[in-house]
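[1] no letters, just coordinates:
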């Protein structure tokens with residue numbers, strides 16, 4: 001015998017509420033409609049569902065057993081409604097992001113945590129990559145958003161880029177580096193110290209070459225290469241090595257008091273850090289909520305960095 005799940009749900013509501021009128025109100029149905037459903041169900045079963053003459057209504061053993069199944073249906077329906085409501089408002093769902101390693105580790109990971117403090121039921125999956133890899137991942141629908149530096153996005157790429165932070169690099173070192181004791185720095189002095197090379201594929205590698213050329217040299221002493229951001233920082237903490245990093249990355253570690261930026265102006269890259277996504281893609285509400293959180297977080301970071309820059313005397 002097949003029993004309509006809606007009939008079981010109505011039975012469960014009546015048992016839970018203790019009356020037909022109350023159960024119908026709980027479900028948003030009319031009392032006569034629910035009464036007809038229960039009468040029809042009793043006729044099909046050939047058994048009563050409620051004990052006669054009891055107020056509030058008390059189910060028979062069969063009525064109670066069927067009501068338990070109906071309660072499971074009601075619970076699932078309510079959970080589904082809550083899920084849909086949460087999805088529509090961006091409170092539930094999945095956000096798949098990719099980005100360049102240094103920015104993801106120094107900035108984005110903390111912003112993800114801040115987002116999930118307000119949206120704890122949204123799951124975020126993070127991956128690493130540089131521009132070409134990230135674009136391929138977006139096209140293949142492996143990620144929803146990419147956070148990466150871009151100089152020029154060619155017309156007809158099918159991508160949309162929104163700037164989050166202008167590009168600016170600094171020479172990073174440990175906080176006890178001897179160059180920080182100098183009143184004035186001469187450019188060639190930077191070449192007297194060993195350097196940490198950014199990972200292969202990183203745009204910072206080209207920026208380092210440009211810096212060396214601007215100092216009138218064609219090569220520098222690379223003593224460590226290919227490591228992660230954490231390994232580069234740990235190497236700097238134990239040596240006088242220098243490296244080139246985005247100012248925002250060095251700024252993110254300011255409270256650790258382990259690395260800092262030398263107060264020297266160096267060539268800035270003609271690119272910006274931003275959000276890359278497929279053009280015309282509306283995105284799920286959770287993705288839009290996360291994007292809005294990133295924009296707000298970077299706007300606050302932009303103001304903090306600007307205030308910090310104004311307090312430093314930059315020169316060469």
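    Arrived safely, thanks for sending. Since we're looking at a predicted model, the values are computed, not measured. Numbers count the residues shown, from 1 in each chain.

[2] helices of the protein, start to end?
    In the chain, the segments counted as helices under DSSP state H are 5-17, 20-27, 31-45, 61-88, 101-103, 109-118, 131-139, 203-214, 229-237, 247-252, 285-310.

[3] going by mean pLDDT, which of the ones you listed comes out lowest?
    The stretch with the lowest average pLDDT out of the helices of the chain is helix 61-88, scoring a mean of 86.

[4] for that one, what is the distance to the chain centroid?
    Taking Cα atoms, centre = their mean, to the nearest Å, one finds helix 61-88 lying 32 Å from the centre of the chain it belongs to.

[5] kindly report the domain assignment for this structure.
    Domain assignment of the chain by the TED database yields the ranges 3-87, 92-164+271-310, 167-259.

[6] export those domains to CSV and tack on mean neighbour count and distance to residue 265?
    C-beta: built from backbone N, CA, C; applies to glycine. Formatted as CSV, the entries for those read as follows, by neighbours: other Cβ atoms under 10 Å; distance: least, Cβ to Cβ, whole Å:
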stretch, mean neighbour count, distance to residue 265
domain 3-87, 15, 48
domain 92-164+271-310, 17, 11
domain 167-259, 17, 9
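
[7] ok, and the closest non-adjacent residue to residue 131?
    residue 148 (5.5 Å; Cβ to Cβ, 6 or more residues apart in numbering).

[8] I'd guessed that neighbour sits against residue 271; true?
    No - with contacts counted by Cβ atoms under 8 Å, residue 148 stays clear of residue 271, the gap being 9.4 Å.

[9] and the gap between residue 166 and residue 241?
    27 Å (Cβ to Cβ, to the nearest Å).

[10] which residues touch the residue nearest to residue 131?
    The contact partners of residue 148, taken as Cβ atoms under 8 Å, 6 or more residues apart in numbering, are 98-100, 103, 129-131, 134, 273-274, 276.

[11] with residue 130 instead?
    Contacts of residue 130 were listed using Cβ under 8 Å, 6+ apart, and they are 100, 148, 201-203.

[12] ok so, going back, make JSON lines from the contacts of residue 148 and add distance to residue 48 to it.
    As requested, the contacts of residue 148 are arranged in JSON lines below (distance: Cβ to Cβ, whole Å):
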{"residue": "98", "distance to residue 48": "62"}
{"residue": "99", "distance to residue 48": "65"}
{"residue": "100", "distance to residue 48": "70"}
{"residue": "103", "distance to residue 48": "69"}
{"residue": "129", "distance to residue 48": "66"}
{"residue": "130", "distance to residue 48": "71"}
{"residue": "131", "distance to residue 48": "71"}
{"residue": "134", "distance to residue 48": "66"}
{"residue": "273", "distance to residue 48": "71"}
{"residue": "274", "distance to residue 48": "68"}
{"residue": "276", "distance to residue 48": "65"}
